[in-house]
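Visitor: Please work out how this folds:
(chains A and B, ligands or ions: 2)
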Amino acid sequence: MIEDPSQWLTVLIAVLGGAIRVGTPFLFVSLGECLTEKSGRINLGLEGNLIMGAMAGYGVAWITGSAWLGVLAAGATGVVLGFIHALLCQQARVNDIAVGIALMILGTGLAFFLGKPLIQPSAPHLPALHLGAWSDNPALRAALEINALFIVGVILAPAMAWFFRSSRWGLAIRTVGESDQAARAMGLNVNGVRMLATMAGGFLAGVGGAFLSLYYPGGWSEGLSSGQGLMAVALVIFARWDPMRCLYASLLFGGAGALGPSLQSVGVTWGYYLFNAAPYVLTLILMIAASSKKVRSGMPGTLAAR
Amino acid sequence: MSNLALEAINVSKRFGELRALDRVSLKLAKGGIHALLGENGAGKSTLVKCIVGFYTPDEGEVLLGERQQTIANPRDAHDLGIGMVYQHFTLIPNMTVLENLVLARPHLPAVIDWKKERRAIGERMARMPFQLPLDASVNHLAAGEKQKLEIVKQLLLDVKVLILDEPTSVLTPDEADEVLGRIRDMTRESGLSVLIITHKFREVMTYADDVTVLRRGKHAGSARVSDVDVKGLAEMMVGSEFSQTALAREAVAEQPVKLDIAGLSVEDDSGMSAIHALSLKVKAGEIVGIAGVSGNGQRELVEVLAGQRPSAGGEIRVMGEVYAGRRRDLLRHGFHCLPEEPLRNASVARMSVAENLAFRRFDQAPFSVGGFLRRGAMAVAAARAIVDFKVRPPTPDTPIGDLSGGNVQRAILARELGERQGRPMNVLVVANPCFGLDFTAVAEIHGRIMAARNAGAAVLLVSEDLDEILELSDRIHVMSAGRLVYETTPQAAEPIVIGRHMAGHGGENHVH
Ligand SMILES: Nc1ncnc2c1ncn2[C@@H]1O[C@H](COP(=O)(O)OP(=O)(O)OP(=O)(O)O)[C@@H](O)[C@H]1O
Ligand SMILES: [Mg+2]
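Guide: Ligands and ions are numbered 1, 2, ... in the order given. All right, here's what the predicted structure looks like:
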């Protein structure tokens, strides 16, 4: 057990740093899912986008030597998967959940297949800001090493909230998500809007994947993702389809995920696997909490209606 | 200069096998109100949807001030100054009034300056016939306010032609008079031209200048309203088959109580108390009418009785046995229920009419034998019910959501009131059964409800239409704020007194 009280501080700092590190992929996938769901479709395939993005991002970064080109490539694979999802879903009698699960399996399998040659090589990492350079506490320095993608995400969340509130495109997406009938009466192309929203959401999920391979945990391996893509769906519900709440919820999930490793770093080993399960337990608890009626407020009308 | 605002010429539209519209023409004069009448499923909504480009007609054209126009989608219609209020609300429930008003504009700027919009709309709202709170969420508006919002939404777009598809179905007669009166003023003052669909002859006779009647997808006649009377219109609507049969209320001897509600308390969706300790007995061979303004607990009451909502206290007994609203209870006790908005509350829109008709008994012979569904048997039963209740189109495999509003109602009535293979009907609960129905259907359904009563069912009729309550009931209760506040009989009833109790002012004024 921990004897020295200062070690609690170390754990706390490590959890905070971990919240950012582990939370970043959650943030991107959940913002992507939020965007897609606002338009009235659920894309469960984002886990596939995530892994595809991780693989493609790593491969392109390794070949071109630029981590940022890797991020773009990862996003592009997400756009393609999003396009396939939207295209299949707009056929009559096709269910978006089923398509999502199929694409999740496809994305994962394809990434494992294409990624075989990428296990050995090492690609450049994404840069980070060393906000803790002033301190000589190594734990604090590590925790304050903020990756660049997280900063992009922190800017993206309020930008997306603004987009939904005040831009023509954002309002179009919300309208389509609230009611097919109303959207058609306004002359909006319902399938077209959903397709763009799913593709853009796919892009963000792909970028989240690039973070996994190009920053943390880094490298390409088949065990890279631990279901973040799926948990992000729960997270969006918890966040009540609000991008800012997606940000907070991602940090919460990230913090839960960082709990095990942080405790281990100060020598607490007894509950390692238990603590590692924290994000999954959290997902379950949130899902139960989210089944109450109040949380469902904010749910896009077309999703609520089924 | 033509004095026509809009002209539709030989418009046809088919849905699969069904000819919903067959070469229909219509002339809308400038600055007037033109009523469009027709039975349920006559093609009224289809015609106006073709005019605004929601549907693409198979043939025919639309002229606007003598120029032919191609209206490919509702946005084109907006650009030409045509606005439409659909039969089913197209408001976005999770958005505010302001957001809904801004979103209705066909060409939004890429970025919306909400401060500016609020100011501009606030100013123009002051000159609108109806005032609405800009920041209220549409969820929280009452049906009448939503209808006003739909109309204001179109007026703010400076439409020259306004099309209203059954705008008064959801309104009380007073509200309908207010809305139609204001609209008529606008046609006189600003030259607005209005095409309005309604089932109510009173509204046609009072407010419209011209009328066009459709019958089964065909043009059945047009006239100046001053040249026709109600009987003439009714004949035009249904052709020579028109005959009005009066309801026969048979005398019944003193009967046992079949539905007994004691101290029932119910919560609404947000956990607030919607019904407080309500007690009510309905005897066999009796229709008890519950009058009241919607939103006073009627919906919750019907949902509890239908088994769609848990009760928070009290007891319901049917035939003397405790009733919990389970499928089993419904079948065993011969309990039948027609909730309001049957498309939403009592059917699955994407399943076929035959499947929807079989919901009550799909797991019993003859629909199900040895655990297997017998689709053939369902189709046969459905075909019979469809003929019996005159559901149109008469195809059992159409998804029920594609039927016109009135025909959904008939189909669900067929399920609840139709063939029961010898099982008795003990209790019948109906809520707003004639919402959106044409006059022949209303007469027919009233007849069926009365027949159920005469055959010994205990009938609970919940309706916002006071005339319907007065016509059908043996006893009347007024419901207000979750309580039954007043009881009377149709013979003793004074509409003014009932109205006062409906408005919740019964207690203070006891001057009769
Ligand atoms: N999208 C559709 N697909 C198939 N059939 C349809 C569709 N829309 C309407 N119909 C059919 O076309 C016919 C005309 O329907 P419409 O909605 O125009 O009737 P209506 O005159 O407005 O009736 P109501 O008074 O009940 O609203 C009906 O028989 C209806 O079932
Ligand atoms: Mg209609």
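Visitor: mind giving me the domain ranges of chain B?
Guide: Following automatic domain parsing, chain B resolves into domains at B:4-238, B:257-511.
Visitor: From the chain's centre, how far out is the last one? Work that out for me.
Guide: Using Cα atoms, centre = their mean, to the nearest Å, we find the averaged C-alpha position of domain B:257-511 to lie 15 Å away from the chain's own average C-alpha position.
Visitor: I'd like the average pLDDT over it.
Guide: Rounded to a whole number, the mean pLDDT of domain B:257-511 is 87.
Visitor: so B:Glu61 makes contact with B:Ile51?
Guide: No: proximity of B:Glu61 to B:Ile51 does not meet the contact threshold set by Cβ atoms under 8 Å, at 10.5 Å. Where you see a C-beta, it was placed from the backbone N, CA and C, and this is true even at glycine.
Visitor: Overlap in contacts, the two.
Guide: Common contacts of B:Glu61 and B:Ile51 (Cβ atoms under 8 Å, 6 or more residues apart in numbering or on different chains): B:Ala8, B:Val11.
Visitor: more neighbours, these two?
Guide: B:Ile51 (26 against 14; other Cβ atoms under 10 Å in any protein chain shown).
Visitor: Which strands and helices lie in contact with the longest helix anywhere in chain B?
Guide: In chain B, with assignment by DSSP state H, the single longest helix is helix B:173-190. On a contact count with 3 or more Cβ pairs under 8 Å, 6 or more residues apart in numbering or on different chains; DSSP states H and E, helix B:173-190 meets strand B:33-38, helix B:143-155, strand B:193-197, helix B:201-207.
Visitor: and that helix, which residues are buried?
Guide: Judged by neighbour count using 16 or more other Cβ atoms under 10 Å in any protein chain shown, the buried positions of helix B:173-190 are B:Glu175, B:Ala176, B:Asp177, B:Glu178, B:Val179, B:Leu180, B:Ile183, B:Arg184, B:Met186, B:Thr187.
Visitor: Could you save those residues as JSON lines and add columns showing pLDDT and distance to ligand 1?
Guide: What follows is the buried residues of helix B:173-190, written out as JSON lines (pLDDT from 0 to 100; distance: Cβ to the nearest ligand atom, whole Å):
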{"residue": "B:Glu175", "pLDDT": "81", "distance to ligand 1": "20"}
{"residue": "B:Ala176", "pLDDT": "86", "distance to ligand 1": "16"}
{"residue": "B:Asp177", "pLDDT": "89", "distance to ligand 1": "21"}
{"residue": "B:Glu178", "pLDDT": "89", "distance to ligand 1": "23"}
{"residue": "B:Val179", "pLDDT": "90", "distance to ligand 1": "19"}
{"residue": "B:Leu180", "pLDDT": "94", "distance to ligand 1": "18"}
{"residue": "B:Ile183", "pLDDT": "93", "distance to ligand 1": "20"}
{"residue": "B:Arg184", "pLDDT": "94", "distance to ligand 1": "23"}
{"residue": "B:Met186", "pLDDT": "91", "distance to ligand 1": "24"}
{"residue": "B:Thr187", "pLDDT": "93", "distance to ligand 1": "23"}
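Visitor: Could you export these as a markdown table, including distance to A:Gly219?
Guide: Listed next are the buried residues of helix B:173-190 as a markdown table, based on distance: Cβ to Cβ, whole Å:
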| residue | distance to A:Gly219 |
| --- | --- |
| B:Glu175 | 68 |
| B:Ala176 | 70 |
| B:Asp177 | 74 |
| B:Glu178 | 71 |
| B:Val179 | 68 |
| B:Leu180 | 72 |
| B:Ile183 | 69 |
| B:Arg184 | 75 |
| B:Met186 | 70 |
| B:Thr187 | 73 |
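Visitor: which among those gets closest to B:Ile163?
Guide: Set against B:Ile163, the nearest of the buried residues of helix B:173-190 by Cβ to Cβ is B:Ile183 (11.8 Å).
Visitor: mean pLDDT for the helices and strands packed on helix B:173-190: which is lowest?
Guide: Among those, helix B:143-155 scores lowest, at a mean of 89.
Visitor: What angle do helix B:173-190 and that helix make with each other?
Guide: Orientation of helix B:143-155 against helix B:173-190 (axes from the mean of the first three to the mean of the last three Cα atoms, to 10 degrees) gives an angle of 10 degrees.
Visitor: Can you confirm whether helix B:143-155 lies near chain A?
Guide: No: applying Cβ under 8 Å from any Cβ of the partner chain, one finds helix B:143-155 out of contact with chain A, separated by at least 10.1 Å.
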